[in-house]
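**Student:** model the following, please.
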Amino acid sequence: QVQLAESGGGLVQAGGSLRLSCAASGRTFSSMGWFRQAPGKEREFVAAIRWSDNSKYYTDSVKGRFTISRDNAKNTVYLQLNSLKPDDAAVYYCAAAKNRFPISTYYYFRSRYDYWGQGTQVTVSS
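**Tutor:** The predicted structure is shown next:
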């Protein structure tokens, strides 16, 4: 049974940092990523990483502030969130894809991912 277990969310002041973790079990994946969903908004892409060559993808609003990384041995992906802003507040979801994406634009669409975690809340106070 495939499971994605997120952890690391919480309450932080603007300008602060958090590290989210997503531990995968049940199989290995071609790519893993993070999406987020704020109240009243659609779930949006944040970052992704390709397991084979460590290629990384970010949405523009988090470039230079967030970093995605992986630990192969633990089958875990991390998202380091720095310089947090109130607009970053959301439920953050881990996602995983079974098959290699043929083009880079696939990483940005939630429909391309096969498995999802339950989400972890990130709250940023101003």
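
**Student:** wait, what's in contact with the most centrally placed residue in the chain?
**Tutor:** By C-alpha atoms, centre = their mean, the chain has its centre lying nearest to Trp34, at 1.8 Å. Listed by C-beta atoms under 8 Å, 6 or more residues apart in numbering, the contact partners of Trp34 are 20, 22, 46-48, 68, 77, 79, 92-95. Bear in mind the C-beta positions are built from the backbone N, C-alpha and C, glycine included.

**Student:** got the confidence number for Ser31?
**Tutor:** Ser31 carries a pLDDT score of 96 in this model.

**Student:** one more: the one 3 residues further on?
**Tutor:** Trp34 carries a pLDDT score of 98 in this model.

**Student:** how close does it get to Tyr58?
**Tutor:** Noted for Trp34: a distance of 10 Å to Tyr58, by C-beta to C-beta, to the nearest Å.

**Student:** format the contacts of Trp34 as TSV; extra columns: secondary structure and pLDDT.
**Tutor:** Formatted as TSV, these follow (DSSP: H, G, I helix; E, B strand; the rest coil; pLDDT from 0 to 100):
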residue	secondary structure	pLDDT
Leu20	strand	98
Cys22	strand	98
Val46	strand	98
Ala47	strand	98
Ala48	strand	98
Ile68	strand	98
Val77	strand	97
Leu79	strand	98
Tyr92	strand	98
Tyr93	strand	98
Cys94	strand	98
Ala95	strand	98
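
**Student:** perfect, that will be all.
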